[in-house]
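>>> Kindly generate the corresponding structure for this input.
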Amino acid sequence: MGEFFTKLFDTSDYPPRWDCGNWSDGEGWLHILSDIGTWSAYTAIPIVLLYFAAKRKDFPFTKLFGLFAAFILLCGTVHLVEAIIFWYPIYRISGLLKLATAVVSWIAVIILIRYAPRILHLPSMMATNKQLVDEIEQRKQVERDLRWLQARYEAFLSGTSSIIWTTDAQGNFIVPQTSWQRFTGQPWNEHRDSGWLNAVLPEDRSEITALWSSPVKDRSSRQIQGHIWHAESQSYRPVITEAVPVIDQSGQVREWVGTVSDIHEQRRAEESLSAAEARASQRLKELELIYETAPVGMSLIDQQYRCLRINERHAQMNGISRHQQLGRQVEELMPGIADQIQPLYETVFETGKAVENYEIYAQTPGDDERHCWLMNFHPLVDETEAVWAVSCIIQDITDRKQLEETLRKSEQAALQANLAKSEFLANMSHEIRTPMAAIAGYADMLLERLQEPDDRQCVIVMKRNGEYLLELINDILDLSRIEAGKLEVELEPVSLPALIGEIQSLMHVRAQEKELDLTVKFVGKVPETIQTDSIRLRQVLINLLGNAIKFTDEGEVRLGVRLISDSEPPEIEFAVQDTGIGIPEEQQKKLFKPFSQGDTSVTRAYGGSGLGLAISKRLVKMLKGSIWVTSEVGEGSVFHVRLPLDSLEDVPLIEPDLTTLSAEETTAESDVLPVLSCRVLVVDDRREIRHICQHFLEKAGATVQLVEDGQAGVDTILAARESNASYDVILMDMQMPRLGGLEATAVLRAQGVETPIIALTADAMKGDREQCLQAGCNDYLSKPIDHAQLVEIVWKYSRGEQREAE
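Predicted coordinates for the structure are as follows:
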């Protein structure tokens, strides 16, 4: 063994490896370079391991790192010796190094076996990474929570109206107080240390500073009221300061924390509440007074139908003193009507809904007379919406009921009187119009035969006065219909130029009789059609033009028409202007009243009933328009009528060109009557009416047969039909003995007679035309009969019969 170590570096016993075998240069250097490369790597690895172990002393198994470093370094040295042996055959050193390597290897194996359980308990790389990630996430969460808490704290400070503050043990601000600065407006350089006292009301400073000098025995809070400056309102605001000491282990105050709460609104609320309570108390007293002095009975009934409360008026109604009624049930208080009103209380208790305006006739214990009581029952509910009582309000309406009955009877009597009035007017209309029809008809017949001017003038005067009387009757009937609300307007599209032209034609003759000029002027463009009642508008304008002509002795009468488009809605205005006597201002206010002409001397001079303007005003009002007059005495008058119009979007605007008709043209037109060639049956109980109709119809060329009552008319018409000699037109009077015209017409229509029937009536009340048409008549003529209209209407319906026959 000793020899081995003495020859450790002896190379004489062995040849170099280059001399052993047939090594080529390439193979030799391959081994040499590989061993050198391995040695260099095995030398670097231990250095890294030892460096890591030195730097990470907290890492487990650092001694194992040193053993691994020695093992790897020995392995590398073996490879280095293997490379040297190619030149120096130091095999003894190589073997010794390999032995050392083997020993160290087994030591490492033994140590690894001993450390294996501990190593196996070490977490894997994935687990270690996960643990590291979790630790990082926890740290981030803690940071987020801190930021969130900081944000909440800042939000709390900015959102609360209170001041959050901290001071040292002596009451000095040692850090900026954000909420204090926001409330008082003091910056940090002003409120630091004890500078904040400058924002305290001087009278309150001594009490607040005493807080810091008072002995502290425990951590309980201190409360002080005072006033501090409020920057926004620029005033001292009342506040409550809460302060809590922070005490260390030695029992000494380290700092103070607290709040300052603005109680300004609270004070105002308390004051408002106090005022509201005072008002409520006053209202309660007022309600109590009302309850006690109300002219109606009031009481409260509980669920057992006992009287909880009752006012003096209700007690008087029952005839029992108040204290005797309290606590007693309804059936004891009002036995006569308990079976009627107790179910009403039950209904209110069960449904929670009021029962109102319940009328009952009954007697009370203290009164023998029957009364009519108006009762109202209302539920009173508690906080759970349960009905705990019912309020009863009772009113004695006996007198009112008696008054209502009296009014009902009066209204019924007035209605009967109105019906009697209407019936009287209808009868008077018939009784006056019938003889007037005869007078007018025979006057026309006389005018045909008389040649002497004086004789003709007498007949003309007679006819003119008859027409005036007829106009008066019509005015009275119209006024009666308007006052009774039985006159209605029917709006329809009306051609404005045609309506004005017709009125001009009608009034032209009257103007010529007085040698007056009648002119019509359209000012600017006007609507081609308007929505109105043509009959009522014509009546108004004819009345105004008639008055203008009547009260004008010389000069002219003018009708102006213009559109007022800038009003809302647009309006059409008619202005009737004359050069007559004029109207004094004091008389203008009475013009539109019935039977009033302003001056009795005017009535004597010009005549008239004074109804025309009253009727015109009422008709204009029914058309939703207005009428007024402007006048000067001696200068004439202007009557204005304005009517509202519908939208003019789809209505063309035109400039009409009306030409005044001459008297000759009017006369010529009126004289041209159609020639008749038909069979006509006249049914009328008045011989003179039959005679007049026969005269003018036969003169126009018709064949006329006469009968004197409705039954004879029915028999004649049915007989003619049987003999194939039917009539072309039938004129039927509506009021006749035995069988009236309405009944006769109904019988004929029921028998299938289709011949045109023209109703003749002296009635002029509302509904006459409708009654005739509903009974089956084709048209309507009112007496006195105008002979031209008679011929025209017979010609119209006889032509229709002839066309159907053809």
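
>>> Show me what stretch 219-233 is in contact with.
183-185, 199-201, 203-204, 207-208, 211, 214, 235-247, 258, 260, 262, 264 (C-beta atoms under 8 Å, 6 or more residues apart in numbering). Every C-beta, even on glycine, is put in place using the N, C-alpha and C of the backbone.

>>> how about that stretch: buried residues?
224, 226-230 (16 or more other C-beta atoms under 10 Å).

>>> again with stretch 638-646
Buried positions in stretch 638-646, judged by neighbour count with 16+ other C-beta under 10 Å: 638-645.

>>> Quick one: name whatever helix or strand follows the helix or strand bottoming out on mean pLDDT in the chain.
Here the helix or strand of the chain ranked lowest by mean pLDDT, DSSP states H and E is helix 663-671, holding a mean of 43. Next helix or strand after helix 663-671 toward the C-terminus (DSSP states H and E): strand 679-683.

>>> who does residue 576 bridge with?
On the basis of DSSP bridges, residue 576 is bridged to residue 559, residue 639.

>>> how near is it to residue 547?
With distances taken as C-beta to C-beta, to the nearest Å, residue 576 is found 8 Å from residue 547.

>>> what is in contact with the two at once?
Joint contacts of residue 576 and residue 547 (C-beta under 8 Å, 6+ apart) are residue 639.

>>> Please tell me I have it right and residue 344 contacts residue 375.
Yes - look at residue 344 against residue 375 with C-beta atoms under 8 Å: they come within range, at 7.5 Å.

>>> Mutual contacts of these two, please.
Joint contacts of residue 344 and residue 375 (C-beta under 8 Å, 6+ apart) are 355, 358.

>>> What sits closest to residue 643 if chain neighbours are left out?
Closest residue to residue 643 apart from its sequence neighbours, by C-beta to C-beta, 6 or more residues apart in numbering: residue 625 at 3.9 Å.

>>> The buried residues of stretch 638-646 into JSON lines, with extra columns for distance to residue 653?
Formatted as JSON lines, these follow (distance: C-beta to C-beta, whole Å):
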{"residue": "638", "distance to residue 653": "24"}
{"residue": "639", "distance to residue 653": "25"}
{"residue": "640", "distance to residue 653": "21"}
{"residue": "641", "distance to residue 653": "20"}
{"residue": "642", "distance to residue 653": "18"}
{"residue": "643", "distance to residue 653": "17"}
{"residue": "644", "distance to residue 653": "17"}
{"residue": "645", "distance to residue 653": "12"}
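
>>> out of the residues you listed, who's nearest residue 404?
residue 644 (39.7 Å; C-beta to C-beta).

>>> Now do the helices in the stretch 451-600 of the chain.
Here the stretch 451-600 of the chain has its helices, by DSSP state H, counting those that start in this stretch, at 453-483, 496-513, 534-550, 585-588, 600-606.

>>> got the buried residues for the second one?
By neighbour count, with 16+ other C-beta under 10 Å as the criterion, the buried positions of helix 496-513 are 496-497, 499-501, 503-504, 506-508, 510-512.

>>> For it, enumerate the helices and strands it packs against.
strand 517-523, helix 534-550, strand 556-564, helix 663-671 (3 or more C-beta pairs under 8 Å, 6 or more residues apart in numbering; DSSP states H and E).

>>> Identify the residues contacting the longest one?
So the one you mean is helix 534-550. Helix 534-550 is contacted by residues 489, 492, 494, 499, 502-503, 506-507, 510-511, 514, 516, 518, 557, 559, 574, 576-578, 580, 606-608, 612-613, 615-616, 619-620, 622-623, 627, 637, 639, 641, 643 when judged by C-beta under 8 Å, 6+ apart.

>>> redo that, cut-off 6 Å
Residues outside helix 534-550 that contact it (C-beta atoms under 6 Å, 6 or more residues apart in numbering): 489, 494, 499, 503, 507, 510-511, 557, 576, 578, 606, 612, 616, 619, 639.

>>> Of those, which pair is most distant in space?
With C-beta to C-beta as the measure, no two of the contacts of helix 534-550 lie farther apart than 494 and 606, at 31.5 Å.

>>> The two: who's more crowded?
Set side by side, residue 494 and residue 606 show more neighbours around residue 494, with 17 against 14, by other C-beta atoms under 10 Å.

>>> Tell me which residues touch the more buried one, please.
So residue 494 contacts 530, 532, 534 (C-beta under 6 Å, 6+ apart).

>>> Just say which of the helices of the stretch 451-600 of the chain is most tucked in.
helix 534-550 (a mean of 21; mean count of other C-beta atoms under 10 Å).

>>> nearest residue to residue 203 other than its sequence neighbours?
residue 227 (7.9 Å).

>>> Same question for residue 50.
Nearest one to residue 50, counting by C-beta to C-beta, 6+ apart, is residue 69 at 5.3 Å.

>>> State the helix or strand in which the one you found lies.
Short version, using DSSP H and E: residue 69 is in helix 62-84.

>>> Now do the spatially closest residue to residue 638 that is not a sequence neighbour: how many residues are near it, please.
Excluding the flanking residues, the one nearest residue 638 by C-beta to C-beta, 6+ apart is residue 577, at 4.6 Å. Using other C-beta under 10 Å, the number of residues around residue 577 comes to 20.

>>> Could you check how far residue 577 is from residue 563?
Per C-beta to C-beta, residue 577 is found 18 Å from residue 563.

>>> ok, then the element right after the helix or strand harbouring residue 208?
Assignment of secondary structure by DSSP H and E places residue 208 within helix 202-213. Sequence-wise, the next helix or strand downstream of helix 202-213 (DSSP H and E) is strand 222-230.

>>> CA-only coordinates of that next one, as CSV, when you get a sec.
Below are the C-alpha coordinates for strand 222-230, written out as CSV (Å, rounded to 0.1, in the frame of the first residue of the first chain):
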residue,chain,number,x,y,z
ARG,A,222,-68.4,64.0,25.3
GLN,A,223,-71.0,66.1,23.7
ILE,A,224,-71.0,69.9,23.4
GLN,A,225,-73.4,72.3,21.6
GLY,A,226,-72.2,75.4,20.0
HIS,A,227,-71.9,77.4,16.7
ILE,A,228,-69.2,77.4,14.1
TRP,A,229,-68.8,79.4,10.9
HIS,A,230,-70.4,78.0,7.8
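
>>> just to revisit the earlier point, for residue 348, state which of the buried residues of stretch 638-646 is nearest.
residue 644 (52.0 Å).

>>> Distance of the closest one relative to residue 535?
18 Å.

>>> Of all the helices and strands packed on helix 496-513, which one is nearest residue 111?
Nearest to residue 111 among the helices and strands packed on helix 496-513 is strand 556-564 (122.4 Å), distances taken as C-beta to C-beta.

>>> Now that closest one - C-alpha only, CSV.
Extracted as CSV, the C-alpha positions of strand 556-564 are listed here (Å, rounded to 0.1, in the frame of the first residue of the first chain):
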residue,chain,number,x,y,z
GLU,A,556,-129.1,104.0,-50.6
VAL,A,557,-128.9,100.7,-48.7
ARG,A,558,-125.7,98.7,-49.0
LEU,A,559,-124.9,95.1,-48.1
GLY,A,560,-121.1,94.5,-47.6
VAL,A,561,-119.5,91.1,-47.2
ARG,A,562,-115.9,90.6,-46.2
LEU,A,563,-113.6,87.8,-44.9
ILE,A,564,-111.7,88.3,-41.7
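
>>> and that strand, what does it pack onto?
strand 517-523, strand 571-578 (3 or more C-beta pairs under 6 Å, 6 or more residues apart in numbering; DSSP states H and E).

>>> Just put the ones you listed in JSON lines and tack on mean pLDDT and distance to residue 9.
Output for those, formatted as JSON lines (pLDDT from 0 to 100; distance: least, C-beta to C-beta, whole Å):
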{"stretch": "strand 517-523", "mean pLDDT": "92", "distance to residue 9": "149"}
{"stretch": "strand 571-578", "mean pLDDT": "94", "distance to residue 9": "143"}
